[in-house]
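*Asks:* Here is the input, now give the coordinates:
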Amino acid sequence: MDKDDDTHHSQSTDGETPKKSPPKQIRITNVAEFSPLTSPTGGRSVPNAADGDPSTAWTTGRFDNFPNFGNLGQRADGSGIVVDLGSVKKISRVEVQMYAGQTVEVLAAAPSASSPASLQDFPQRMSKLKDEGKRLRVNLNKPVKTRYVLVHITKLPPEGPNSYRGGIYEIKVFG
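*Replies:* Next comes the predicted model:
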């Protein structure tokens with residue numbers, strides 16, 4: 001019996017922190033295209049980025065010659081999708097399904113922000129800017145408090161010869 005107790009005891013004190021309950025998905029109340037310097041390019045496809053259907057997508061317009069949105073001045077800050085969680089929440093994970101080959105990062109607005117529209121409005125970095133595959137999963141050791149999360153795209157994948165287009169199939173936020 002002592003041996004069983006020791007085994008059980010060692011399993012509960014193995015130096016690991018106790019398991020937390022798994023993150024719960026947070027309902028997204030609104031979705032908007034991030035296009036800080038000019039008009040949006042995605043039009044009616046914007047809601048597709050968080051509609052629960054990974055077969056539908058928000059897509060950017062097509063840009064010629066350069067993957068950084070055509071190297072156009074009015075597109076210098078890139079594009080992407082801002083999700084509104086309705087009120088400030090603690091975010092511990094963000095999952096994004098998207099076009100492969102995009103350079104992307106995930107940012108959060110300050111908890112006090114209302115209607116953030118520029119890059120400066122998203123000072124909390126949740127992931128590094130890098131080329132991701134079709135799936136991006138951001139797991140945070142320390143939750144971030146925010147109402148608004150930005151999936152920010154700075155470079156698009158090729159669509160054809162000298163043309164580029166990006167997109168997001170689905171964004172999920174967990175707390």
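
*Asks:* The residue most central in space within the chain pairs with what?
*Replies:* By CA atoms, centre = their mean, the chain has its centre lying nearest to residue 151, at 3.8 Å. Taking DSSP bridges as the rule, residue 151 bridges to residue 81, residue 106.

*Asks:* Can you name the residues that contact it?
*Replies:* Residue 151 sits next to 49, 80-81, 83, 94, 96, 98, 104, 106, 136, 168, 171 when contact means CB atoms under 8 Å, 6 or more residues apart in numbering. Where you see a C-beta, it was placed from the backbone N, CA and C, and this is true even at glycine.

*Asks:* between those, which is nearest residue 33?
*Replies:* Each of the contacts of residue 151 was checked against residue 33 using CB to CB; the closest is residue 81, at 6.4 Å.

*Asks:* Could you measure from that closest one over to residue 27?
*Replies:* From residue 81 over to residue 27 the distance is 16 Å, taken as CB to CB, to the nearest Å.

*Asks:* neighbour-wise, which of the two wins?
*Replies:* Per other CB atoms under 10 Å, whichever of residue 81 and residue 27 has more neighbours is residue 81, with 26 against 10.

*Asks:* wait, residue 68 sits on residue 153?
*Replies:* No. Counting by CB atoms under 8 Å, residue 68 stays clear of residue 153, with 9.9 Å between them.

*Asks:* Of these two, which one has the most company?
*Replies:* Neighbours were counted for residue 68 and for residue 153 using other CB under 10 Å; residue 153 has more, 26 against 16.

*Asks:* did I read that right, the more buried one in a strand?
*Replies:* Yes. Assessed with DSSP: H, G, I helix; E, B strand; the rest coil, residue 153 lies in a strand.

*Asks:* Contact partners for it?
*Replies:* Residue 153 neighbours (CB under 8 Å, 6+ apart): 60, 78-80, 102-104, 166.

*Asks:* Go through the residues you listed and name the one nearest residue 112.
*Replies:* Among the contacts of residue 153, and counting by CB to CB, the member closest to residue 112 is residue 80, at 21.4 Å.

*Asks:* what about that closest one, neighbour count?
*Replies:* Here the number of neighbours of residue 80 (other CB under 10 Å) works out to 30.

*Asks:* so how far is residue 141 from it?
*Replies:* Taken as CB to CB, the span from residue 80 to residue 141 is 24 Å.

*Asks:* How about residue 132?
*Replies:* Relative to residue 141, and taking CB to CB, residue 132 is found at 20 Å.

*Asks:* Out of those two, name the residue with the larger neighbour count.
*Replies:* The neighbour count for residue 132 versus residue 141, taken as other CB under 10 Å, is higher for residue 132 (21 against 5).
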